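>>> Quick one: sequence plus predicted model below, questions after.
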Amino acid sequence: MTNPDLADVIRVLDGFYPPHTAAGWDQVGLVTGDPQQSVGRVHFAVDPTQAVIEEARDAGADLLVTHHPLLLRGVHSVATTTAKGMAITTAVVADLALYCAHTNADVASPGVNDALAAACGLPVDSPALADEDGQPIGRVGDLATPTTLGEFAQSLAAALPAAPAGLRVGGVATADVRRVAVLGGAGDDRFDAVRSSGADVYVTADLRHHPALEAREEARGAAPYLIDAGHWATESLWLAHAADRLRAALADEGYDVQTEVSQLRTDPWDFLVPTGGREHTERRSSDAP
């Protein structure tokens with residue numbers, strides 16, 4: 001078996017995550033690299049940080065596939081005096097190609113949201129929660145066995161990679177949970193869809209104070225409850241399956257490629273310090289007893 005060219009690998013990845021399914025504001029696809037270069041090792045990660053790029057380089061990778069784009073917004077310099085410039089320069093000097101599958105991996109099936117749904121215990125055929133630009137996003141489905149919000153949160157925490165902030169949960173631990181809505185990454189703009197779905201709990205990330213508080217107030221202390229599971233954690237679950245799928249697809253074409261998943265946590269938070277000021281009542285007046 002021989003190594004494929006980068007163009008062959010990109011063809012397969014584009015088949016898994018068609019670029020035209022990405023959101024209109026997104027920037028996906030090949031960022032650096034020569035389509036004719038040989039690819040023997042592919043590294044997968046959520047974020048193209050400097051540390052991840054160096055990890056891929058040191059592992060001997062020819063291609064780094066990340067979920068988040070490096071160049072989502074315009075830049076006017078790639079000098080090493082900037083973080084993005086250093087990242088691009090490091091990749092180019094190492095002959096390391098970079099490919100990003102972002103919202104096109106979110107809406108794909110299997111994709112980012114399928115991996116999160118599986119971690120929540122939802123069926124593999126769970127339908128989409130909503131749509132964006134005509135593409136399905138998120139998942140919603142029923143657990144095989146009802147549980148409580150506290151037990152569900154503990155089960156989800158065990159299925160996610162370790163991160164300092166853990167899970168933030170809005171709701172009473174003893175509340176009943178069966179129907180679950182999920183959206184990997186930032187999802188506090190989908191509360192209407194969550195309510196319409198009849199979900200008992202919504203698992204997502206990056207829940208801002210005002211949208212989350214308003215959602216809990218609208219619920220009058222009842223469902224849908226909220227779990228903020230972290231942006232990096234909710235999206236990193238997809239990496240292993242994406243790596244295995246790429247390796248298998250290329251092997252079916254007679255190509256030999258090694259894949260690996262980054263061991264680096266790119267969550268920006270490093271440790272958590274509980275606050276110790278004046279205590280307040282934990283439950284709001286609108287929360288169910």
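Right, received. Where do you want to start?
>>> can you pull out the strands in the stretch 101-250 of the chain?
Secondary structure of the stretch 101-250 of the chain, counting by DSSP state E, counting those that start in this stretch: strands at 130-132, 135-137, 139-148, 168-170, 176-186, 201-205, 225-228.
>>> looking at the ones you listed, which is buried most?
Greatest average neighbour count among the strands of the stretch 101-250 of the chain goes to strand 201-205 (a mean of 28), per mean count of other Cβ atoms under 10 Å. C-betas here are computed from N, CA, C, even on glycine.
>>> pLDDT on that strand, on average?
For strand 201-205, the per-residue pLDDT values average out at 98.
>>> now it against strand 176-186, angle please.
Here strand 201-205 points in a direction 20 degrees away from that of strand 176-186 (axes from the mean of the first three to the mean of the last three Cα atoms, to 10 degrees).
>>> And the contacts of strand 201-205?
Contact with strand 201-205 is made by 116, 120, 149, 152, 156, 171, 177, 179-188, 190-191, 194, 223-231, 233-234, as judged by Cβ atoms under 8 Å, 6 or more residues apart in numbering.
>>> Could you give me the buried positions within stretch 107-126?
107-108, 110-122, 126 (16 or more other Cβ atoms under 10 Å).
>>> So which of these is the closest to H209?
Taking Cβ to Cβ as the measure, H209 lies nearest L116 of the buried residues of stretch 107-126, at 23.0 Å.
>>> list the contacts for the closest one?
The neighbours of L116, taking Cβ under 8 Å, 6+ apart as the test, are 139, 182-184, 203, 234-235, 237-238.
>>> how many other residues sit next to D188?
Counted by other Cβ atoms under 10 Å, the residues lying close to D188 total 20.
>>> ok so, going back, for the buried residues of stretch 107-126, which one is nearest L207?
L116 (14.9 Å).
>>> where's the closest one relative to R57, distance?
Taken as Cβ to Cβ, to the nearest Å, the spacing of L116 relative to R57 amounts to 29 Å.
>>> Excluding residues flanking it in the chain, which one is nearest the one residue sitting closest to the centre of the chain?
If you average the C-alpha coordinates of the chain and look for the closest C-alpha using Cα atoms, centre = their mean, you land on E235, 1.8 Å from that point. Sequence neighbours aside, G184 is the residue nearest to E235 in space, at 4.9 Å (criterion: Cβ to Cβ, 6 or more residues apart in numbering).
>>> surely the one you found meets A108?
No: using Cβ atoms under 8 Å, G184 and A108 do not qualify as a contacting pair, with a distance of 11.5 Å.
>>> what about the helix or strand harbouring K84, distance to the chain center?
Using DSSP states H and E, K84 sits in helix 83-93. Mean-position distance between helix 83-93 and its chain equals 23 Å (Cα atoms, centre = their mean, to the nearest Å).
>>> and that helix, what other elements does it pack with?
Packing contacts for helix 83-93, counted by 3 or more Cβ pairs under 8 Å, 6 or more residues apart in numbering; DSSP states H and E, involve strand 29-32, helix 50-58.
>>> quick one: strands adjacent to whichever helix or strand comes after it?
Sequence-wise, the next helix or strand beyond helix 83-93 is strand 97-100, with elements assigned using DSSP H and E. If you go by DSSP bridges, strand 97-100 pairs up with strand 29-32 (antiparallel), strand 63-66 (parallel).
>>> Pull the CA coordinates from strand 97-100 and hand them back as CSV.
These are the backbone C-alpha positions of strand 97-100, laid out as CSV (Å, rounded to 0.1, in the frame of the first residue of the first chain):
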residue,chain,number,x,y,z
ALA,A,97,-0.8,20.8,5.7
LEU,A,98,-3.8,22.2,7.7
TYR,A,99,-7.4,21.4,6.9
CYS,A,100,-10.4,22.6,8.8
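>>> pLDDT (mean, whole number) over it?
98.
>>> By residue count, what's the longest helix in this protein?
Among the segments of the chain that qualify as a helix by DSSP state H, the longest is helix 238-252.
>>> Show residues contacting that one.
Looking at what lies outside helix 238-252 - Cβ under 8 Å, 6+ apart - the contacts are 1, 4, 8-9, 12-13, 16, 42, 44-46, 65, 67, 101, 105, 110-112, 114-116, 184, 256-262.
>>> Distance check, Y225 against V177.
Counting by Cβ to Cβ, the gap from Y225 to V177 is 7 Å.
>>> list the buried ones in stretch 263-271?
Of all the residues in stretch 263-271, those buried under the rule 16+ other Cβ under 10 Å are 265-267.
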